[in-house]
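all I have is the shape, not the residue letters:
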C-alpha cells in the first residue's frame, strides 16, 4: 500500500494547476487535492476515496514542508455551509 501511496503523492505533485492553486492566497478545496490523489491510485483499491482524503495532509507536507501549509473553512459558493480549503502558508 505504501508504494501506491507514494505513487499517488508523486503523481498529484505533477498537477501544475492544482499546485498553482494551492500556492495562491485562496488555495484550493481539500476535495480538489483528494480528487487529484484518488486519480493516481489504482481503481481496484477498496476505499480509494477515503484513502485519498486521508493522504491530503501527507501530500501537503511533501509539497510545502511540514508546518508550511494550512487548512481553513470558508462559505460554500452555493448553498449553506462551509468548504475546507488548503493552501501554503506565507502566500
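Right, received. Where do you want to start? Note that the structure is predicted; figures quoted are calculated from it, not measured.

longest helix in the chain, by residue count?
When the chain is parsed with DSSP state H, its longest helix is helix 48-64.

what packs against it?
With contacts taken as 3 or more CB pairs under 8 Å, 6 or more residues apart in numbering; DSSP states H and E, helix 48-64 sits against helix 2-13, helix 16-23, helix 30-39, strand 69-75, strand 82-88. In short, each C-beta sits where N, CA and C put it, glycine included.

got the contact list for it?
Contacts of helix 48-64 with the rest of the structure, by CB atoms under 8 Å, 6 or more residues apart in numbering, involve 5, 8-9, 12-13, 19, 22, 30, 33-35, 37-38, 41-42, 45, 69, 86, 88-89.

give me whichever of the helices and strands packed on helix 48-64 is most buried.
helix 30-39 (a mean of 20; mean count of other CB atoms under 10 Å).

the residue nearest to residue 8 when sequence neighbours are not counted - how many residues pack around it?
Nearest non-adjacent residue to residue 8, counting by CB to CB, 6 or more residues apart in numbering: residue 40, 4.1 Å away. Counted with other CB atoms under 10 Å, residues neighbouring residue 40 total 19.
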